[in-house]
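Peer 1: Build me a model from this:
(chains A, B, C and D)
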Number of protein chains: 2
Amino acid sequence: MRRPTLEAVATRAGVSKSTVSRVVNGEPTVASDIRDLVMRAVNELGYVPNPAARSLVTRRTDSIAVIVSDPPAGLVSDDPMFSTVVRAAGREFEAAGKQVVLMLAGSDDARVRARQFVAARHVDAVMLVSMHGADPLPAALATTGVPLVSHGRPAFWGATPWVDNDNVGGAAQAVRHLLERGRRRIATISGPLDMSAAQDRLGAYREVLSETGRRSIVAIGDFTRISGAEAMAQLLEDDPALDAVFAANDLMAIGAMRALRRAGRRVPDDVAVVGFDDIEAALYTDPPLTTVRSPMGEQAAASARLLLGLLRGEDAAPVILPTQLVVRESS
Amino acid sequence: MRRPTLEAVATRAGVSKSTVSRVVNGEPTVASDIRDLVMRAVNELGYVPNPAARSLVTRRTDSIAVIVSDPPAGLVSDDPMFSTVVRAAGREFEAAGKQVVLMLAGSDDARVRARQFVAARHVDAVMLVSMHGADPLPAALATTGVPLVSHGRPAFWGATPWVDNDNVGGAAQAVRHLLERGRRRIATISGPLDMSAAQDRLGAYREVLSETGRRSIVAIGDFTRISGAEAMAQLLEDDPALDAVFAANDLMAIGAMRALRRAGRRVPDDVAVVGFDDIEAALYTDPPLTTVRSPMGEQAAASARLLLGLLRGEDAAPVILPTQLVVRESS
DNA sequence: GCTGATTCAGGGAGCGTTCCCACAAAACCG
DNA sequence: CGGTTTTGTGGGAACGCTCCCTGAATCAGC
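Peer 2: So this is what the prediction gives:
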């Protein structure tokens, strides 16, 4: 009960393997009557090419690894991101006829396996998502010689191209907006400082404040909702008179709003809140969250396209996508 | 600059290909000194087996397709689910040494490609996620003879095993809870009726109400937040005196709470709200949402394990996981 | 010491493709 | 109309691995 092979189709159609191969691969150098003959045989037998055999000789697999640094457990900080990014990239790859192999590089063990997997040329290319600064994976993958792009600028990128959104510009916009609204004691909740997005957003916050001679008030979170609430509580303790907070992502902003309410502060009357990312949930908070829209889906799609270009032999330079302030009622 | 092959390792170690193959595959019938010799050669050359060549002869690929019915665009209803489910299943598969190939079966085109892909035996097995009732994919995949499980009970499942949570029991619990709280006019916001989860939840709602001689008040949503708000507005128009609503998932419940607030109703004073799923966001609504916890991650992990069992030749029966009412402040 | 069983390494066929090369037939050209 | 190019088809050698089979060496038993 073996599946039909090229040979079987050839016999059935009364032609050679070579001809069938040409037809199946859509080569134009086949007479149209023979092509029809072959196509009929293909359909009658239900022939489907064996990808293993094909990739053995072509050295292509037509599949691409999407490696997501997945925290061991519990930590679901980038949930909205995971879905948006994986879907957007997946759509782009599928449209190009590439299969998506998803790898969750959570544990060290998984990281080793991922590297092995890529080294074995099980995939033609790799898209890296949300690596922390200390992550050795980008460097390890670079040595395999497999085309590689990063969704988000990695801490050390060498020759790896990446696509990121304008974290610096977006954060600066957010802080300036708070200043324009007349806020004077503006705190920030930063993301983990081993991630470049967190660094950039914090840096821009500091930059804008120091330009205007104001003092930074900083707490560090880890991009989760809970950490946002904890950081907010800390900030209130550090400076009870603060009148605004810029959270480095929306999840932390949502946590912060919750902590503010619990502390009896009104948003935005007592404390204005601005987030970053514009995830769907930002629309549904009370009050709706002012935030910086980072086009995560587009960023992922752009990363995917960059990688596909690389595979076609084009060369790739880093891309920075613009962000945009979305003013709602929390500020 | 070709990567080293078995042959190269064999030459280097001064043994035959067969022996190297045995060592690489961990067969015990190799003298330990020879094994060491081979291992040294493997490490020196950086040898990694070619998976295409291997799978050509073994007829295994050690990879598993996770096919998610991805709506063409915009519709991101199952966002929290996507992340949780894909991650949980992914972890399970990776722990078993299987690769995860993610396919988004959004368009018809993508569905055809998915079927082709599976028919080509590019994967050893398939896990299906969140298919709508009318979806022809489960049936199409069943004909390929590839082991298959469904995360969630499909509309027509034939011999396909599945894992689901106890939608009927959970919904009944939710409605009884509202009755116990003294609510008398209990409406529901159902999910799309081509999904079995929506059917079950609606059915249980009707069942419990009719047992107690009460009338059903139904609006249909599509499991998105927006549709929940719209359905709620509709319900308020239909029956302004309603005092409770059971939404078939949390996203719609969140939308409903928003619509209620906009209509000037207090939750839970005027209208009690209960959701379903217990996504993370349910904790952060105002007031926090009473809901039915459905263990989505566990369900996905169970589906994955069921599939892995199938691959080991065990047989698989459908599994139903218990749900649990989580009472918070919205009811 | 001889036979028969056991252990372990090597040889080589085959997995299902692609793609280079050879070659026949048709088309073109002066 | 002979020679040269073009067009279309077939033959068959890889690709890198697994696994069956053969056979040499070691061991056990009497």
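Peer 1: Is it correct that residue A:154 falls within a strand?
Peer 2: No - the assignment for residue A:154 (DSSP: H, G, I helix; E, B strand; the rest coil) gives coil, which keeps it out of a strand.
Peer 1: how about the nearest residue to it, chain neighbours excluded?
Peer 2: Leaving aside its chain neighbours, residue A:154 sits nearest to residue A:138 (5.0 Å; criterion: Cβ to Cβ, 6 or more residues apart in numbering or on different chains). No exception for glycine: its C-beta is placed from N, CA and C like everyone else's.
Peer 1: Kindly report the same for residue A:205.
Peer 2: Distances taken as Cβ to Cβ, 6+ apart put residue A:188 closest to residue A:205, at 4.7 Å, once the chain neighbours are dropped.
Peer 1: tell me which element the one you found falls in.
Peer 2: strand A:186-190 (DSSP states H and E).
Peer 1: Can you name the next helix or strand after that strand?
Peer 2: Following strand A:186-190 toward the C-terminus (DSSP H and E): helix A:196-211.
Peer 1: counting contacts, what elements does the next helix or strand after that next one pack onto?
Peer 2: Remark: after helix A:196-211, the chain's next helix or strand is strand A:217-220, criterion DSSP H and E. In this structure, strand A:217-220 packs against strand A:186-190, helix A:225-238, with contacts taken as 3 or more Cβ pairs under 8 Å, 6 or more residues apart in numbering or on different chains; DSSP states H and E.
Peer 1: next one: strand A:217-220 to chain centre, how far?
Peer 2: For strand A:217-220, the separation from the chain centroid amounts to 26 Å (computed by Cα atoms, centre = their mean, to the nearest Å).
Peer 1: strand partners of that strand, parallel vs antiparallel please.
Peer 2: strand A:186-190 (parallel) (DSSP bridges).
Peer 1: And the contacts of the partner strand?
Peer 2: Residues outside strand A:186-190 that contact it (Cβ atoms under 8 Å, 6 or more residues apart in numbering or on different chains) are A:175, A:178-179, A:198, A:201-202, A:205, A:209, A:214, A:216-221, A:228, A:231-232, A:235, A:238-239, A:242-248, A:252-253, A:256.
Peer 1: quick one, what contacts the residue nearest to residue A:154?
Peer 2: Applying Cβ under 8 Å, 6+ apart to residue A:138 gives the contacts A:128, A:131, A:148, A:150, A:154, A:156-157, A:160.
Peer 1: can you pull the pLDDT of it?
Peer 2: Each residue has a pLDDT score; the one for residue A:138 is 83.
Peer 1: would you say it is within a helix?
Peer 2: Yes - applying three-state DSSP, one finds residue A:138 inside a helix.
Peer 1: Roughly how far does it sit from residue A:90?
Peer 2: From residue A:138 across to residue A:90, the span is 21 Å (Cβ to Cβ, to the nearest Å).
Peer 1: now residue A:129, which residues is it bridged with?
Peer 2: In beta-bridge terms (that is, DSSP bridges), residue A:129 pairs with residue A:68, residue A:151.
Peer 1: Relative to DNA strand C, which residue of the stretch 201-331 of chain A is the closest?
Peer 2: Of all residues in the stretch 201-331 of chain A, the one sitting closest to DNA strand C is residue A:311 (15.0 Å; Cβ to the nearest atom of the strand).
Peer 1: What is the neighbour count of that residue?
Peer 2: Applying other Cβ atoms under 10 Å in any protein chain shown, we find 16 other residues in the vicinity of residue A:311.
Peer 1: my read: it touches residue A:148, true?
Peer 2: No - contact criterion Cβ atoms under 8 Å: residue A:311 and residue A:148 do not qualify, at 10.9 Å.
Peer 1: between the two, what contacts are shared?
Peer 2: In contact with both residue A:311 and residue A:148: residue A:125, using Cβ under 8 Å, 6+ apart.
Peer 1: measure the residue nearest to residue A:263 when sequence neighbours are not counted to DNA strand D for me?
Peer 2: Residue nearest to residue A:263 in three dimensions, not counting chain neighbours: residue A:236, with 5.5 Å by Cβ to Cβ, 6+ apart. Separation of residue A:236 from DNA strand D (Cβ to the nearest atom of the strand, to the nearest Å): 60 Å.
Peer 1: next one: residue A:158
Peer 2: Taken as Cβ to the nearest atom of the strand, the span from residue A:158 to DNA strand D is 28 Å.
Peer 1: ok, now which ones touch that residue?
Peer 2: Contacts of residue A:158 (Cβ under 8 Å, 6+ apart): A:139, A:142.
Peer 1: Using the three-state scheme, assign it.
Peer 2: Taking three-state DSSP, the label given to residue A:158 is coil.
Peer 1: Just the buried ones out of the contacts of strand A:186-190, please.
Peer 2: Buried residues within those, counting neighbours by 16 or more other Cβ atoms under 10 Å in any protein chain shown: A:175, A:178-179, A:198, A:201-202, A:205, A:209, A:214, A:217, A:219-221, A:228, A:231-232, A:235, A:242-248, A:252-253, A:256.
Peer 1: quick one: low-confidence ranges for the stretch 1-150 of chain A?
Peer 2: Applying pLDDT under 70 to the stretch 1-150 of chain A flags residues A:1, A:70-79.
Peer 1: quick one on the thing from earlier: may I see the helices and strands packed on strand A:217-220 arranged in CSV, with distance to residue B:95 and mean pLDDT as well?
Peer 2: Putting those into CSV (distance: least, Cβ to Cβ, whole Å; pLDDT from 0 to 100) gives the following:
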stretch, distance to residue B:95, mean pLDDT
strand A:186-190, 34, 97
helix A:225-238, 27, 95
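Peer 1: and these, which is most packed in?
Peer 2: Most buried of these, by mean neighbour count (mean count of other Cβ atoms under 10 Å in any protein chain shown): strand A:186-190, with a mean of 28.
Peer 1: can stretch A:86-99 be found next to chain B?
Peer 2: Yes - using Cβ under 8 Å from any Cβ of the partner chain, stretch A:86-99 comes into contact with chain B via A:86-87, A:90-91, A:94, A:99.
Peer 1: ok, which pair from the residues you listed is furthest apart?
Peer 2: Farthest apart among those by Cβ to Cβ are A:87 and A:99. That separation is 15.1 Å.
Peer 1: which residues does the residue of the stretch 151-300 of chain A found nearest DNA strand C contact?
Peer 2: As assessed by Cβ to the nearest atom of the strand, DNA strand C sits closest to residue A:161 within the stretch 151-300 of chain A, at 26.9 Å. Taking Cβ under 8 Å, 6+ apart as the contact definition, residue A:161 lies against A:149-150, A:306, A:310, A:316-319.
Peer 1: Equivalent analysis for residue A:294, please.
Peer 2: A:165, A:167, A:170, A:276-278, A:321, A:323.
Peer 1: do you know how far it is from DNA strand D?
Peer 2: 43 Å.
Peer 1: tell me the pLDDT at that residue?
Peer 2: Each residue has a pLDDT score; the one for residue A:294 is 91.
Peer 1: which residue packs closest to it, ignoring adjacent ones?
Peer 2: residue A:165 (4.2 Å).
Peer 1: tally of neighbours for the one you found?
Peer 2: Counted with other Cβ under 10 Å, residues neighbouring residue A:165 total 27.
Peer 1: Phi and psi next, for it.
Peer 2: Note on residue A:165: its backbone torsions stand at phi -100, psi 170 [degrees, to the nearest 10].
Peer 1: On the three-state scheme, residue A:146 is what?
Peer 2: coil.
Peer 1: Which residues are in contact with it?
Peer 2: Counting by Cβ under 8 Å, 6+ apart, residue A:146 has contacts A:118, A:121, A:123-126.
Peer 1: who's in contact with the residue lying closest to residue A:203 once chain neighbours are set aside?
Peer 2: Nearest residue to residue A:203 in three dimensions, chain neighbours excluded: residue A:168, at 6.7 Å (Cβ to Cβ, 6+ apart). Residue A:168 is in contact with A:200-201, A:203-204, counting by Cβ under 8 Å, 6+ apart.
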